[in-house]
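Chemist: Sequence first, then the predicted structure:
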Amino acid sequence: MPNKKVKNPVNQEKNRNSDGTFIKGRSGNPNGRPPGKSLKEYDRERFSKMTDEEKEAFLKTISSEMRYRMAEGNPQNDVTTGGEKIPAIPIYSGKSKE
């Protein structure tokens with residue numbers, strides 16, 4: 001199957017540094033998010049319109065972890081203590097005891 005060519009390819013080099021990162025002040029998405037509801041907004045609205053019976057049936061199909069994440073959001077994965085990073089302590093240094 002032949003590759004389809006894009007009619008008007010975007011010249012990405014004009015927005016990027018030589019290492020591929022964006023030039024300061026340039027966006028990778030200059031037009032922003034398209035108008036309309038996000039998937040999260042759509043799902044939230046759809047769930048809120050369900051009857052209690054429909055909600056119970058739906059909640060039986062997902063794991064308890066997913067249910068928690070729907071209610072509370074993802075758990076925090078902060079690996080700091082009081083704003084300071086916890087130093088990594090190797091369990092095994094790779095050196096043998098002789």
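Modeler: That came in fine, so what should we check first? Residues are numbered from 1 along each chain as shown.
Chemist: Near Arg16, how many residues? Count them for me, please.
Modeler: As a burial measure, the neighbour count of Arg16 was computed by other C-beta atoms under 10 Å and equals 14. C-beta: built from backbone N, CA, C; applies to glycine.
Chemist: Can you give me the distance of it to Arg67?
Modeler: When C-beta to C-beta, to the nearest Å is the yardstick, Arg16 and Arg67 sit 42 Å from each other.
Chemist: Same question for Gly28.
Modeler: With distances taken as C-beta to C-beta, Gly28 is found 34 Å from Arg67.
Chemist: Tell me which of the two has more neighbours.
Modeler: The residue with more neighbours, out of Gly28 and Arg67 and counting by other C-beta under 10 Å, is Arg67; that gives 13 against 9.
Chemist: which ones are touching the more buried one?
Modeler: Taking C-beta atoms under 8 Å, 6 or more residues apart in numbering as the criterion, Arg67 is in contact with Leu59.
Chemist: Could you measure from it over to Gly83?
Modeler: The value you get for Arg67 to Gly83, if C-beta to C-beta is used, is 32 Å.
Chemist: Name the helix or strand for the most centrally placed residue in the chain, please.
Modeler: The structure's the chain has its C-alpha centroid closest to Asn74; by C-alpha atoms, centre = their mean the separation is 10.9 Å. Using DSSP states H and E, Asn74 is not contained in any helix or strand.
Chemist: in this structure, which spans are helices?
Modeler: Secondary structure of the chain (DSSP state H): helices located at 39-48, 52-59, 64-72.
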